[in-house]
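Novice: when you get a sec, could you give me coordinates for this:
(one chain, ligands or ions: 1)
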Amino acid sequence: MMNAVMNSLTNSLMNAATNSIKAGENEKIPRHVAVIMDGNGRWAQKRGLPRIAGHQKGASILEGLVEHASARGIQYLSLYAFSTENWKRLSEEVSGLMALFEHYLKTKLDKLKERGGRLRFAGRRDRLSGSLLRALDDFERETQDGTGIQLILCIDYGGRQEIVDAVKKMLAEGADAASVTEETVSRRMYLPDVPDPDLIIRTSGEERLSNFWLWEGAYSELYFTGTLWPDFDNEALDAAIAAYAVRDRRRGGV
Ligand code: FPP
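Specialist: Now for the predicted structure:
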């Protein structure tokens, strides 16, 4: 009964949000949704499976979710796939994840291409393998003119590292103190043309940012759900969008 009421409420909110998009005021739909895909290990553990099975299941839901996000009017979807700290994991898990990213790029993104979506990469390049970098670069180049949803893969990404890299760029350009402003630093982030995330979702019940979009997420709305990432489905995304739709975003104003 309670579920039926919640579903009907979610549907009404989604319809209202989708209608307002049609009407040209899309404030209720976040333009950029960023996701911390947490809980793959626990999902696998519960089933007596190796951790990589959780990551594989977590990767398998992406195709459908990207499509659903695009249908809902989300223009940018960024995924925290591997952090600068994740190298500390067992080498078996790290190499399994890297192989999974490459496999995903090579086999699972045809629909994104067909529908005019665009792939972007955010993160450090110097510790990734040549073959993964080539797969990322090829996909970015092949989709660079896409006008549909932008799927941003954050691999070997860390918010602090991104800020450090921006500072290094400015020093290399010979910047003086007076030229360091929020605007000039922002322009040296990994993807300066991408709008800041409106909504950051974290699954699995953990409630922290873990070094994700530290600069860009200054005014993001945060949404935490206990759902483990491999169980996150279209309805779960709709619930997050519905929660966002009723937030009052003041960004420091009144
Ligand atoms: C965190 O959950 C998840 C990761 C570090 C990896 C996320 C990667 C995927 C979902 C694979 C698919 C990605 C692409 C782009 C193909 P955890 O393993 O720390 O979970 P736990 O906290 O339950 O152990």
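Novice: quick one: name the residues of the chain near the ligand.
Specialist: 37-42, 55, 58-59, 79, 81, 86, 100-101, 104, 153, 204, 229 (C-beta under 6 Å from any ligand atom). The way it works is simple: take the backbone N, C-alpha and C, and place the C-beta from them, glycine included.
Novice: list the residues that contact the closest residue in space to residue 243 that isn't next to it in sequence.
Specialist: In space, and not counting its chain neighbours, residue 243 is closest to residue 223: 5.5 Å by C-beta to C-beta, 6 or more residues apart in numbering. By C-beta atoms under 8 Å, 6 or more residues apart in numbering, residue 223 lies in contact with 199-202, 240, 243-244.
Novice: quick one, what contacts whichever residue of the chain sits closest to the ligand?
Specialist: When scored by C-beta to the nearest ligand atom, the chain has residue 41 as its residue closest to the ligand, at 2.3 Å. Applying C-beta under 8 Å, 6+ apart, we find residue 41 in contact with 51, 54.
Novice: tell me which of the contacts of residue 223 is nearest to residue 50?
Specialist: Residue 50 lies nearest to residue 202 out of the contacts of residue 223, by C-beta to C-beta, at 23.5 Å.
Novice: can I assume the closest one is in contact with residue 220?
Specialist: No - contact criterion C-beta atoms under 8 Å: residue 202 and residue 220 do not qualify, at 11.2 Å.
Novice: can you show me the helices along the stretch 1-150 of the chain?
Specialist: With DSSP state H, counting those that start in this stretch as the criterion, the stretch 1-150 of the chain has helices at 2-22, 40-46, 51-60, 62-71, 91-107, 110-114, 130-142.
Novice: and the angle from the fifth one to helix 62-71?
Specialist: Computed by axes from the mean of the first three to the mean of the last three C-alpha atoms, to 10 degrees, the angle separating helix 91-107 from helix 62-71 equals 60 degrees.
Novice: can you give me the helices for the stretch 151-254 of the chain?
Specialist: 159-172, 182-186, 234-245.
Novice: so which of those gets nearest residue 28?
Specialist: Of all these, it is helix 234-245 that lies closest to residue 28, at 4.1 Å by C-beta to C-beta.
Novice: report pLDDT for the nearest residue to residue 190 once chain neighbours are set aside.
Specialist: In this structure, residue 190 finds its nearest non-sequential neighbour in residue 122, 4.4 Å apart by C-beta to C-beta, 6+ apart. In this model, residue 122 is scored at 98, pLDDT.
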